[in-house]
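Trainee: sequence first, then the predicted structure:
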Amino acid sequence: MYSNSLIELDRAHLIHPVASYRGHEAQGVRVLASAKGATVTDAYGRQLIDGFAGLWCVNAGYGHESIVEAATRQMRELPYATAYFGLGSEPAIRLAAELAERAPGDLNHIYFTLGGSDAVDSTIRFIRYYWIARGKPRRDQFISLEQGYHGSSTVGAGLTALPNFHAGFGIPFDWQHKIPSPYPYRNPAGDDPKWIIAASLAALRAKVEAIGADRVAAFYVEPIQGSGGVIVPPKGWLKAMRDLCRELDILFVADEVITGFGRTGPLFACSEEDIVPDFMTTAKGLTSGYVPMGAVFMADHVYQTIAEGAGASAVGHGYTYSAHPVSAAVALEVLKLYEGGLLENGVKAGARLMAGLEAMRDHPLVGDVRGRGMLAAIELVTDKTARTPLPAETQPARRIFDRAWENGLVIRAFANGVLGYAPPLCCTDADIDAILEKTAKTLDQTL
Ligand code: PLP
């Protein structure tokens, strides 16, 4: 049981990520105490269905004893082994091999990190190293998408387009460039896939031309943009962008931190689109959030170029906790669960979720319904014809999140009135129905 003193301790000492510090002090923390399956229980004993898998990460669901056992076993045998100095541990080596086997194409080389931000950050360093090794040091400009999210590391936050990741920090990102997102619902030219793809191709070409073709290092995308509001590009978009990057000799980075590990159906969204990026970043579902870990997947040609460029010198990039054996042991067990039925269940549950959300299209507040697999969103508007967003000054996200919580549902409410869903893949029919029923109730209360 938690008491006011815990709230006071939080207020006094714990700095929360991406929060208004003053707002949080006024609101006070909501403490979660335990969880099982797709249900979390707060410290007052209130049960909530977790429609967001923590932070799009607990893909396997909560309370898997086999994951706990894998971690415990590894902690007992070898809780830590560095991957520096030519050392290693069995789970990390096995995990790298298992991931390479399942990765698209020749993404055969895996660099483990602690999460998604440092995975993205690592790619930026590797990409610079790659171009310098290729004798093109001027390739130091990076392009990503408006509404893109790629974490909050000091450098990688430049790729993130969300304004509050830049405002107030005074860190220059003049090596960063953005092109518009393939946002069918808000595309000025309409939602015809042909036009959306053509517009993105033209935008990337124009941006590269403006920067200078010999200056651009890489283009970053999320196969489905998560934190920007679950923006789903039409089928064929990812492949078209990948092909253009190849034509322009620009590295293509697929950030699968959210979409990886079954979130959209298969292990990786890139496989579904039949594309092989030069880099792929993952985290979250890799360990299903039980312990921290991320992974950078690097294509053969990039690895060979960096290795040749470095020769006998060390490539000076690493973390104490790179390839942590306990995280690797957990990831190996999670992978077994995915392939032992969880991916399949996610596809089934995702179809039920999408069908249920689609049925809400007639609700006066619902302007758009979109998603793939267990990654979905509804976009709320005040006028369906004009597609008018909910007024920001009424803080719709805060109000809807609070209301959903009172109704026993955890969802992500984005500032622009988009409600995001990323439930655990283990959801039963009853779990999905509860998410839908509580969403409908929350919408009616929001009218
Ligand atoms: N990239 C994407 C696409 C993400 O969604 C996130 C986090 O949500 C990150 C990178 C950063 O990951 P982390 O929060 O583990 O640092």
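Mentor: Yes, it's here. Being a predicted model, the structure only gives us computed values, none of them experimental. Numbering: from 1, shown residues only.
Trainee: need the three-state assignment for Val120.
Mentor: helix (DSSP: H, G, I helix; E, B strand; the rest coil).
Trainee: what sits closest to it if chain neighbours are left out?
Mentor: Closest residue in space to Val120, ignoring its immediate chain neighbours: Gly156 at 4.1 Å, by CB to CB, 6 or more residues apart in numbering. Where you see a C-beta, it was placed from the backbone N, CA and C, and this is true even at glycine.
Trainee: how about Arg46?
Mentor: Across the structure, with CB to CB, 6+ apart as the measure, the residue nearest Arg46 apart from its sequence neighbours is Gly408 (7.1 Å).
Trainee: phi, psi for the residue nearest to Val120 please.
Mentor: In terms of degrees, to the nearest 10, the main-chain angles of Gly156 are phi -60, psi -30.
Trainee: so it sits against Ile124, correct?
Mentor: Yes - with contacts defined as CB atoms under 8 Å, Gly156 counts as touching Ile124 at a distance of 6.3 Å.
Trainee: give me the more crowded residue out of these two.
Mentor: More crowded of Gly156 and Ile124, by other CB atoms under 10 Å: Gly156, with 26 against 22.
Trainee: how about the contacts made by that one?
Mentor: Each residue near Gly156 by CB atoms under 8 Å, 6 or more residues apart in numbering is listed here: 117-118, 120-121, 124, 150.
Trainee: mind running it again at 7 Å?
Mentor: Contact criterion CB atoms under 7 Å, 6 or more residues apart in numbering gives 117, 120-121, 124, 150 as the residues in contact with Gly156.
Trainee: including pLDDT and distance to the ligand, could these go into JSON lines?
Mentor: Conversion of the contacts of Gly156 to JSON lines gives the following (pLDDT from 0 to 100; distance: CB to the nearest ligand atom, whole Å):
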{"residue": "Ser117", "pLDDT": "98", "distance to the ligand": "3"}
{"residue": "Val120", "pLDDT": "98", "distance to the ligand": "5"}
{"residue": "Asp121", "pLDDT": "98", "distance to the ligand": "9"}
{"residue": "Ile124", "pLDDT": "98", "distance to the ligand": "12"}
{"residue": "His150", "pLDDT": "98", "distance to the ligand": "5"}
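Trainee: for the one residue in the chain that gets nearest to the ligand, phi and psi?
Mentor: Evaluated by CB to the nearest ligand atom, the chain has Gly116 as its residue closest to the ligand, separated by 2.2 Å. Backbone torsions of Gly116, given as degrees, to the nearest 10, read phi -80, psi -40.
Trainee: re the thing from before, would you confirm that the residue nearest to Arg46 contacts Lys438?
Mentor: Yes - contact between Gly408 and Lys438 holds when scored by CB atoms under 7 Å: they sit 5.9 Å apart.
Trainee: what residues do the two have in common as contacts?
Mentor: Contact criterion CB under 7 Å, 6+ apart; residues bridging Gly408 and Lys438 by contacting each: Ile49.
Trainee: these two - which one has more neighbours?
Mentor: Under the neighbour definition other CB under 10 Å, Gly408 and Lys438 were set side by side, and Lys438 has more, 22 against 15.
Trainee: name the nearest residue to Phe112, sequence neighbours excluded.
Mentor: Take Phe112 and drop its neighbours on the chain: the residue closest to it by CB to CB, 6+ apart is Ala323, 4.3 Å away.
Trainee: count the neighbours of the one you found for me.
Mentor: One way to gauge burial is a neighbour count; for Ala323, by other CB under 10 Å, it gives 26.
Trainee: Glu393 now?
Mentor: Glu393 sits with 6 neighbouring residues when counted by other CB under 10 Å.
Trainee: ok, the closest residue to Pro277 other than its chain neighbours - contacts?
Mentor: For Pro277, ignoring the flanking residues on the chain, the nearest one in space by CB to CB, 6+ apart is Ala254 at 4.0 Å. Contacts for Ala254 were tallied using CB under 7 Å, 6+ apart; they are 221, 223, 270, 277, 280.
Trainee: out of these, list just those in helices.
Mentor: Among the contacts of Ala254, the members found in helices (DSSP state H) are Cys270.
Trainee: just among the contacts of Ala254, which is most surrounded?
Mentor: For the contacts of Ala254, neighbours were counted using other CB under 10 Å, and Met280 has the most, 32 neighbours in all.
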